[in-house]
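**Student:** predicted structure and sequence below. I'll ask about it afterward.
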Amino acid sequence: MVVLQRNEVSRIRLLYILTIILSAVVLAGTIVNFSQRSEPAQAFSLLLGAIAVVAAVLSLIQLLAHPKRSQVLLFHRGDEEMVVATNALHEGFKLRFLRDILGDHVTSFTDEDRAHWKSLEDDGFYAALYVRHVRKLIMLRLCTMIFDDVFVADRNNRWEHHDSSRTAEPSHSRRESPNLTGWKSSP
């Protein structure tokens, strides 16, 4: 498994886009000048056009299949209780990494807890970890190192958003909440 840094992901996306543009230019040049070329040059143009089509298709697939931004919701429930919900279950290694760091502080959900957090699934988030006896600042720091967007909610349903898609150390937070339509905030 290869884990890419955030700035490398942006560079790779740019390369996909540039490949698509270059392929389109090559295809357009091949189509426009095909009839004016000699027979060996036409064969070479066909080969070049086929390579351009394959490159464009592969770049489109990679660009469209690229994972969406990983978001995490931190619900600070009590003095020392937090629930971590994420939209990035396809990146389970992040959750395993977080669970390994937190160790004994991660506990299981009760049946009532599972039923309560089930309403998040309508919005694409899944309650993944139940954490006890870990300071909010430490959880926030760990999550900003791992996930792109970190939303933190306190007991009074006040939200703050930390955008760490460019750096793991965001300098400020904004007072905004994620778009949750089916979420009921009362515990």
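**Tutor:** The structure has been received and is ready for your questions.
**Student:** only C-alpha atoms for contact and neighbour calcs from this point on.
**Tutor:** Noted.
**Student:** what comes into contact with stretch 40-54?
**Tutor:** With contacts defined as C-alpha atoms under 8 Å, 6 or more residues apart in numbering, stretch 40-54 is touched by 22-24, 26-27, 30, 34-35.
**Student:** could I get the full set of strands for the protein?
**Tutor:** Ranges of strands within the chain are 71-76, 81-86, 106-107, 126-132, 149-153, 159-163, based on DSSP state E.
**Student:** partners of the third one in the sheet?
**Tutor:** So the one you mean is strand 106-107. The sheet places strand 106-107 alongside strand 126-132 (antiparallel), with pairing taken from DSSP bridges.
**Student:** direction-wise, compare the partner strand with strand 71-76 and give the angle.
**Tutor:** Counting by axes from the mean of the first three to the mean of the last three C-alpha atoms, to 10 degrees, strand 126-132 points 40 degrees away from the direction of strand 71-76.
**Student:** in strand 126-132, what counts as buried?
**Tutor:** 126-132 (16 or more other C-alpha atoms under 10 Å).
**Student:** give me the neighbour count for T110.
**Tutor:** 10 (other C-alpha atoms under 10 Å).
**Student:** who touches W117 in this structure?
**Tutor:** W117 touches 126-127, counting by C-alpha under 8 Å, 6+ apart.
**Student:** tally of neighbours for L14?
**Tutor:** For L14, the neighbour count with other C-alpha under 10 Å is 13.
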